[in-house]
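Visitor: after the sequence you'll find the predicted model.
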There are 2 protein chains.
Amino acid sequence: MSANSRMTIAAHVLAWMWLNESRGGEVSTSERIADSVNTNPVVIRRLLGDLRRAGIVESRRGAGAGWTLARAPESVTLLDVYEAVTPGPLFAMHRAEPNQRCPVGFGIRPVMQGVYDGVEDALRAELARTTLTGVLRGILAAR
Amino acid sequence: MSANSRMTIAAHVLAWMWLNESRGGEVSTSERIADSVNTNPVVIRRLLGDLRRAGIVESRRGAGAGWTLARAPESVTLLDVYEAVTPGPLFAMHRAEPNQRCPVGFGIRPVMQGVYDGVEDALRAELARTTLTGVLRGILAAR
DNA sequence: CTTGAAGTAACTGTTGTTGTTACATTTATG
DNA sequence: CATAAATGTAACAACAACAGTTACTTCAAG
């Protein structure tokens, strides 16, 4: 599936930012975050751009600028993060339209759509159970 | 995510096979199935190969050969299909190991793994609620 | 022995992610 | 005002997965 690490990186970035802010560290820049994630700062900026569009973080430009959390960390769930960084649906329908003269080809798509809607609802409900606070609590418990 | 249509095609194929078998139609071949799905027979054979490895279908070779369901359709759930045709996990960890000297880089992975395990359990439970029988019932109700 | 179908290798085109360089834009500060 | 530091973004390459296709080998019924 070429599974996606964007969720993981986004959670890492947000947890890092919050820990940094709560400790009163220096401003959060893409370069400093990238050093913790071990990747390129542009990757971080692209991801933070998605999170900014979702209202989860804010950015300032210019010298001494950087990123800050836009919402209280206990109000940010992993569902918010998922919706911010995941583009499309989990499962796709046929690429080419199935044979409409076959009963299966004709009826399969609404049935599967209903199943997929239920699966995505379950996935969303599970992701909504964890907040950014919960993630950081788990991280700090590991020390 | 470049979402995956393999689940959809697999459910289509199995529903088609069962309808065909229950109507006493000609043997199910990859060519006839591909005509309903509107794709290439090799795509169907590859997918059926995965389903055969999972014990959901059986194949016979040689002239007049083809594919048959190996289990009662009411005992086959979409979870069985998902496990047969989906290779990896839904979410991935970091590609490169995060900075172990940073508390976040050190602790993030087990935390996210726990979250992802819960999400996959929820997804599995939801998929397990629908059987092949249920899929075909929905399809035939659409007519 | 012929025929029809599975099984599979190999290749192409498309798409998405990640990593990278480069550069324009913005803004605090000396 | 000039400089420095950081965002914002475009462009590109490497890589992987999926879908589609051609072509071939293997198998077994008749």
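Guide: Sure thing, it's come through.
Visitor: got the phi and psi for A:Thr131?
Guide: Dihedral pair for A:Thr131: phi -100, psi 170, per degrees, to the nearest 10.
Visitor: okay, now A:Gly107: neighbour count?
Guide: A:Gly107 has 22 neighbours, counted by other CB atoms under 10 Å in any protein chain shown. The way it works is simple: take the backbone N, C-alpha and C, and place the C-beta from them, glycine included.
Visitor: do the helix or strand containing it and chain B come into contact?
Guide: Here A:Gly107 is covered by helix A:103-127, with elements defined by DSSP states H and E. Yes - counting by CB under 8 Å from any CB of the partner chain, contacts between helix A:103-127 and chain B involve A:103-112, A:114-115, A:118-119, A:121-123, A:125-127.
Visitor: buried residues of that helix, list them for me.
Guide: Of all the residues in helix A:103-127, those buried under the rule 16 or more other CB atoms under 10 Å in any protein chain shown are A:103-109, A:111-112, A:115-116, A:119, A:122-124, A:126-127.
Visitor: now the angle from that helix to helix B:103-127?
Guide: Between the axis of helix A:103-127 and that of helix B:103-127 there is an angle of 140 degrees, by axes from the mean of the first three to the mean of the last three CA atoms, to 10 degrees.
Visitor: for chain A, which segments count as strands?
Guide: Counting by DSSP state E, the segments of chain A that form strands are A:57-60, A:66-69.
Visitor: out of those, which comes closest to B:Ala34?
Guide: The closest of the strands of chain A to B:Ala34 is strand A:57-60. By CB to CB, the value is 47.8 Å.
Visitor: ok, and does the closest one reach over to chain B?
Guide: No - Strand A:57-60 is not in contact with chain B by CB under 8 Å from any CB; minimum separation 15.6 Å.
Visitor: name the helices or strands packed onto that strand?
Guide: If you count contacts as 3 or more CB pairs under 8 Å, 6 or more residues apart in numbering or on different chains; DSSP states H and E, strand A:57-60 packs onto helix A:41-53, strand A:66-69.
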